[in-house]
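Novice: Quick one: sequence plus predicted model below, questions after.
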Amino acid sequence: MTATTASPTPTTPRAAKPTTLRAAAPAILALCLTMLVEMVDNSVLSVALPTIGRDLPVGPTGLQWIVGAYSLTFGGLLMVGGTLGDRLGRRRTLLVGIAGFGLASSLVVLATESWQLIGVRALCGVFAALIAPGTMSLVFRLFDDDELRRRAIGLIVSVAMVGVMVGPVLGGLAVSHLPWQALLVVNAPVAAIAFWGVARGIPVDDPAERRTGGADVPGAVLSVAMLGLILFTFTLGVDAGWTAPVTVVTASAALAAGVGFVLRERAAADPMLDLRLLGRRTVRGSAILQTGVMVAMVGVMFAATQLFQFAWGWTPLQAGLGTLPMVAGMFVSGPVTDALVARLGHRATALAGSTSLLVSLAVEYVALGAGYPVFAAGMVLLAVAARMVMTTSAVALIEALPEDHTGIGSALNDTAQEIGNVFGVAVVGTVTAAVMGTMLPSGRWSAAVVEEFLRSQRIGFAILAGLVAVITVVGGRTLTASRSTDEH
């Protein structure tokens, strides 16, 4: 009897990947929009807080929770979202997140009490945590060419940062003519366009690129508890005081959850986060540098909104327009970043950006007494520096990971940014409260009050610069001059 050889199972040839950004236009548009809605959500809503407070009604603590509920669920669930993407498929997880985010945002029309709006905001944060990790990791599936990947990530980061900066302007214009609910309902059609772009432009998930193994439910619970409690600690520190019992207890609980998370991930057969990934110098350093960027940028922007309106007497719309120099900086920085990466590599570009962050903080320090033109120049430099570090670090981090871990890698990237976000606000908010008290004076400020406020901001900017300097030294040493995964 003659033995027969089984014929190989036919496979469907994979479509050629785009060789230009234009060829990937639907996917790039979708990824830009997904990053935009997740980043702009709080900045657009911030200008409507006084209107929301009168309409619902709700006091200062309630308003803080309306903003904070989104950050808590978003930051706390990022690593869970990254793990789901790696295990279930990044495209599939992103589509679920986009659809859920659009539907959750639409629920705002049903909110008639503050707790309902807080619930809507928290639910939006849950779905945003499914969106964020997939956005950057899918860029790497979209292109084979490293240069196209860098340009695409630079474009997506720029769109997101521009959205954050013009969000208050658009929000101020919208709330003058429309109900405040429109600021959240608009997410629904934006999500629909993004859903179409991902479904049309991103190839279906390849099972070979997914992580295998069981679900690490205890690790997921501990990671949510750890990150959520860390973010909540900073919220309580600014609101109740850093030595208040509730703040100390929450910080202790965050520490306990963190220790439990590390112990669990070391012992688990299929950990949610393989801690050996953090042993890769480039992964660790890139995440640290991302934290430094957000510490500086969010701290300055948080101070600027108060400086423009309280100290300089601007209207909310004027204050929003006053942040537009950062948009110009984002556009200018694109060619600069690409040229530096091509010529010098990751480490030199990131260090140049981080050094520019320090210079921009020094310029803003001087601008507190010199006026808006100097402050605007500092914002342009800040935006250029931020894009240099963020684009370079994001590319370096993802390239340094195995293909089946890019989702959790993107989640680490976003988690680092969210922690930096909280640190930046906490530094400026805490220093301002320490110098001026927890309630800022109402009405037109006297020259003495303005000077006291400016003094508090100088202290805050000095502390921000110190944090960025330490982060630059610690994180910058770990990057390499290479853009090749093989050399990390």
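Specialist: Looks like it came in fine. Numbers count the residues shown, from 1 in each chain.

Novice: Could you give me the buried positions within stretch 227-238?
Specialist: By 16 or more other C-beta atoms under 10 Å, the buried positions in stretch 227-238 come out as 227-238. (Each C-beta comes from the backbone N, C-alpha and C, glycine too.)

Novice: Quick one: mean pLDDT over that stretch.
Specialist: Averaged across stretch 227-238, pLDDT comes to 77.

Novice: cool, stretch 89-109 as well?
Specialist: Rounded mean pLDDT across stretch 89-109 is 92.

Novice: now swap in stretch 183-202 and tell me
Specialist: On average, stretch 183-202 scores 88.

Novice: Other residues contacting that stretch?
Specialist: For stretch 183-202, the surrounding residues in contact (C-beta atoms under 8 Å, 6 or more residues apart in numbering) are 24-31, 33-34, 36-37, 41, 44-45, 48, 91, 94-95, 98-99, 101-103, 105-106, 108-109, 120, 124, 138, 141-142, 171, 174-175.

Novice: Repeat that for stretch 424-437.
Specialist: Contacts of stretch 424-437 (C-beta under 8 Å, 6+ apart): 234, 237-238, 242, 294-300, 302-303, 306, 440, 449, 452-453, 455-457, 459-460, 463-464, 467.

Novice: Selection in ChimeraX covering whichever of those residues are buried, please.
Specialist: Listed next is the ChimeraX selection for buried residues among these, using 16+ other C-beta under 10 Å:
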select :234,237,238,242,294,295,296,297,298,299,300,302,303,306,449,452,453,456,457,459,460,463,464,467
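
Novice: To what extent is the nearest residue to I288 once chain neighbours are set aside buried, counted in neighbours?
Specialist: Excluding the flanking residues, the one nearest I288 by C-beta to C-beta, 6 or more residues apart in numbering is G475, at 3.3 Å. By the measure other C-beta atoms under 10 Å, the count of residues near G475 is 25.

Novice: I'd guessed G475 sits against T282; true?
Specialist: No: G475 is not in contact with T282 according to C-beta atoms under 8 Å; the separation is 10.1 Å.

Novice: Check which residues of the one helix or strand D86 maps to are buried.
Specialist: For D86, the host element (DSSP states H and E) is helix 60-88. By 16+ other C-beta under 10 Å, the buried positions in helix 60-88 come out as 62-63, 65-87.

Novice: is it true that M326 touches A383?
Specialist: Yes: judged on C-beta under 8 Å, M326 makes contact with A383 at a distance of 4.2 Å.

Novice: Mind listing the shared neighbours of the two?
Specialist: With C-beta under 8 Å, 6+ apart, M326 and A383 have common neighbours M161.

Novice: circling back to that earlier point, which among the contacts of stretch 183-202 count as buried?
Specialist: Judged by 16+ other C-beta under 10 Å, buried ones among these: 24, 26-31, 33-34, 36-37, 41, 44-45, 48, 91, 94-95, 98-99, 101-102, 105-106, 108, 120, 124, 138, 141-142, 171, 174-175.

Novice: Now do the helices in the stretch 251-400 of the chain.
Specialist: 281-306, 316-321, 325-344, 346-370, 372-399 (DSSP state H, counting those that start in this stretch).

Novice: Could you check how far M161 is from V58?
Specialist: Plainly put, M161 is 30 Å away from V58 if you go by C-beta to C-beta, to the nearest Å.

Novice: Kindly apply the preceding question to A152 instead.
Specialist: According to C-beta to C-beta, A152 stands 41 Å off from V58.

Novice: Just give me the closest of the buried residues of stretch 227-238 to A254.
Specialist: Closest approach between these and A254, by C-beta to C-beta: L229, at 3.6 Å.

Novice: pretty sure the closest one contacts S252?
Specialist: No: the criterion here is C-beta under 8 Å, and L229 misses it with S252 at 9.1 Å.

Novice: Run the chain-centre distance for the helix or strand just after the helix holding D86.
Specialist: Next along the chain after helix 60-88, taking DSSP H and E as the criterion, comes helix 90-106. Chain-centre distance of helix 90-106: 17 Å, with C-alpha atoms, centre = their mean, to the nearest Å.

Novice: cool, stretch 360-370 as well?
Specialist: Relative to where its chain is centred, stretch 360-370 has its mean C-alpha point 25 Å off (C-alpha atoms, centre = their mean).

Novice: What residues sit buried inside that stretch?
Specialist: Quick answer for stretch 360-370 (16+ other C-beta under 10 Å): 360-361, 363-365, 367-368.

Novice: just to revisit the earlier point, so between A152 and V58, which is more surrounded?
Specialist: A side-by-side neighbour count of A152 and V58, using other C-beta under 10 Å, places A152 first with 26 against 20.

Novice: So, low pLDDT: which residues of the stretch 301-450 of the chain?
Specialist: For the stretch 301-450 of the chain, the stretches flagged by pLDDT under 70 are 316, 403-404, 406-407, 438-443.

Novice: just checking, what packs against the one helix or strand T51 maps to?
Specialist: Element membership of T51, judged by DSSP H and E, is helix 49-55. Here helix 49-55 touches helix 60-88, going by 3 or more C-beta pairs under 8 Å, 6 or more residues apart in numbering; DSSP states H and E.

Novice: at 10 Å instead, please
Specialist: helix 60-88, helix 114-142, helix 146-177 (3 or more C-beta pairs under 10 Å, 6 or more residues apart in numbering; DSSP states H and E).

Novice: now the second one against helix 146-177, angle please.
Specialist: Between the axis of helix 114-142 and that of helix 146-177 there is an angle of 160 degrees, by axes from the mean of the first three to the mean of the last three C-alpha atoms, to 10 degrees.

Novice: Pull out the buried residues from helix 114-142.
Specialist: 114, 117-118, 120-142.

Novice: The last one too?
Specialist: Counting neighbours by 16+ other C-beta under 10 Å, one finds that the buried residues in helix 146-177 are 146, 148-172, 174-175.

Novice: Tell me the helix or strand right after that helix.
Specialist: Next helix or strand after helix 146-177 toward the C-terminus (DSSP H and E): helix 182-185.

Novice: Report the distance from whatever helix or strand comes next after that following helix to the chain centre.
Specialist: Sequence-wise, the next helix or strand downstream of helix 182-185 (DSSP H and E) is helix 187-201. Centre-to-centre, helix 187-201 and its host chain are 20 Å apart (C-alpha atoms, centre = their mean).

Novice: Show me which positions of helix 187-201 end up buried.
Specialist: Buried-residue list, helix 187-201, by 16+ other C-beta under 10 Å: 187-188, 190-191, 193-195, 197-199, 201.
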